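**Q** Sequence and predicted structure, then a few things I'm wondering about:
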Amino acid sequence: MSANNYRSRKSRIIILILVIVVINGIWFLFLRDDGISTSKASNLLVGEWIRTDGDYTIEINILEEDGVLSAFYFNPNPIHVGRSGWKVKDETLWIFVELQDENYPGSLYELGYDKENDMLKGTYYQAVARQTFNVEFTKK
């Protein structure tokens, strides 16, 4: 591969990554519905959430106005969280937590807050196995 082809390919990859990041940010911001304030969402979500079928924990520390969510994940040891966020859609408070670690590259939790039961319910996509599971978390 010539140096020019290599630089051109590298530039296209960088542009593609930037486009994905920008689209993801726009998607997340525009799908937010401000029916639930950040402070109310924080009161509901901040804390430790334990998965009902095992020793898996999502720890939520901070929610910010722009959809940013500070989260940690344990299985039971720490697993690196690549990105996380929150939004309100159809009057439901949603979070996502994407894992980026060995055996977890791109694994993703998408969870909605069930106010009747004070639970997080949704799906876990295990990227390595390419399988999706229904999961529930209760607050510790």
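**A** Cool, the structure landed.
**Q** ranges for the strands of this protein?
**A** Ranges of strands in the chain, per DSSP state E, are 47-51, 57-63, 69-74, 78-79, 81-89, 92-99, 108-114, 119-126, 131-139.
**Q** Which parts of stretch 131-140 count as buried, going by neighbours?
**A** Buried residues in stretch 131-140, counted by 16 or more other C-beta atoms under 10 Å: Val135, Glu136, Phe137. The C-beta positions use only the backbone N, C-alpha and C, and glycine is treated the same way.
**Q** mind putting those residues in CSV, distance to Ser37 included?
**A** Formatted as CSV, the buried residues of stretch 131-140 follow (distance: C-beta to C-beta, whole Å):
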residue, distance to Ser37
Val135, 27
Glu136, 25
Phe137, 22
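**Q** re the thing from before, pick the most buried one from the strands of the chain.
**A** Greatest average neighbour count among these goes to strand 92-99 (a mean of 21), per mean count of other C-beta atoms under 10 Å.
**Q** what residues does it touch?
**A** Applying C-beta atoms under 8 Å, 6 or more residues apart in numbering, the contact partners of strand 92-99 are 36, 41, 44-45, 58, 60, 69, 71, 73, 79-88, 105-113, 120, 122.
**Q** at 7 Å what do you get?
**A** The set of residues external to strand 92-99 that reach it, using C-beta atoms under 7 Å, 6 or more residues apart in numbering, is 36, 41, 44-45, 58, 69, 71, 73, 79-87, 106-113.
**Q** cool, stretch 106-115 as well?
**A** Stretch 106-115 has contacts (C-beta under 7 Å, 6+ apart) with 44-45, 58, 92-99, 120-127, 137.
**Q** pLDDT weak spots in this structure?
**A** Scanning the chain for pLDDT under 70 picks out 1-35.
**Q** Could you break it into its assigned domains?
**A** Domains of the chain are assigned by automatic domain parsing as 1-30, 34-139.
**Q** Show me how far the longest one is from its chain's centre.
**A** Between the mean C-alpha point of domain 34-139 and the mean C-alpha point of its chain there is a distance of 6 Å (C-alpha atoms, centre = their mean, to the nearest Å).
**Q** isn't Glu136 right next to Thr52, touching?
**A** Yes. Counting by C-beta atoms under 7 Å, Glu136 touches Thr52, with 4.7 Å between them.
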